[in-house]
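Participant: Could you look at this predicted model? Sequence included:
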Amino acid sequence: MEEEKSGAKTTAQSFWELARFALVALAIVIPIRLLVAEPFVVSGSSMVPTLENRNYLIVDKISYKLTDPKRQDIIIFRYPKDQTKFFVKRIIGLPNEIVDIKDSTVTITSGSDKSILILDEPYVKNTANNVTHFELKNDEYFVMGDNRRASSDSRYWGAVNSNLITGRAFLRLLPINNIGILPGQ
């Protein structure tokens, strides 16, 4: 009889220990997932050759709370036309700049002195013939995929407002032979 009570006590203790462990784990994991980092799986070919379909990324969600996004950063953001979808692209133009694209040459005009920068983009392997002129407002970013022929990006649907940016691609975990920090930098 006493052995049965002891067994029941051990089972109850094990259950409460497991429940306590689960609560502590959730208390740690949920804030990290919501505030610091989250997983992202690349879908599609718009960032080839930098990122391939099914690459597994960890998104840094905290950096842009401390600093502004920079040109050439690869970001994850909510698609402006359907905010239930997430896209991954490279920042080309920053707030208050003018982006001009002729064929495969990207020219940025910025500042009150209208300084001109012609982007060097060695990561672009598949160029596209485009003619685009876009003037960014405050808090807007011009983004493009590295695979210009196969990318739906700011050339077609406009700028990305800063409040739609989730974070930057911080770590590529898969495929294993391409593991690296800040892919595409």
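Facilitator: Great, that's in hand.
Participant: continuing past the lowest-mean-pLDDT helix or strand in the chain, what's the next helix or strand?
Facilitator: Across the helices and strands of the chain, mean confidence by mean pLDDT, DSSP states H and E is lowest for helix 2-31: a mean of 65. Using DSSP states H and E, the helix or strand that follows helix 2-31 in sequence is strand 37-41.
Participant: Could you pull up the mean pLDDT of that following strand?
Facilitator: Here strand 37-41 scores 84 as its mean pLDDT.
Participant: Go through the helix or strand just after that strand and flag the buried ones.
Facilitator: Per DSSP H and E, the first helix or strand lying C-terminal to strand 37-41 is strand 56-60. Residues 57-60 are the ones in strand 56-60 that count as buried (16 or more other Cβ atoms under 10 Å). Where C-beta positions appear, they are placed from N, C-alpha and C, glycine not excepted.
Participant: Next: stretch 103-114.
Facilitator: Neighbour-count burial for stretch 103-114 flags 106, 108, 110 (criterion: 16+ other Cβ under 10 Å).
Participant: what's the spacing between the last one and Asn96?
Facilitator: Ser110 is 7 Å from Asn96, where distance means Cβ to Cβ, to the nearest Å.
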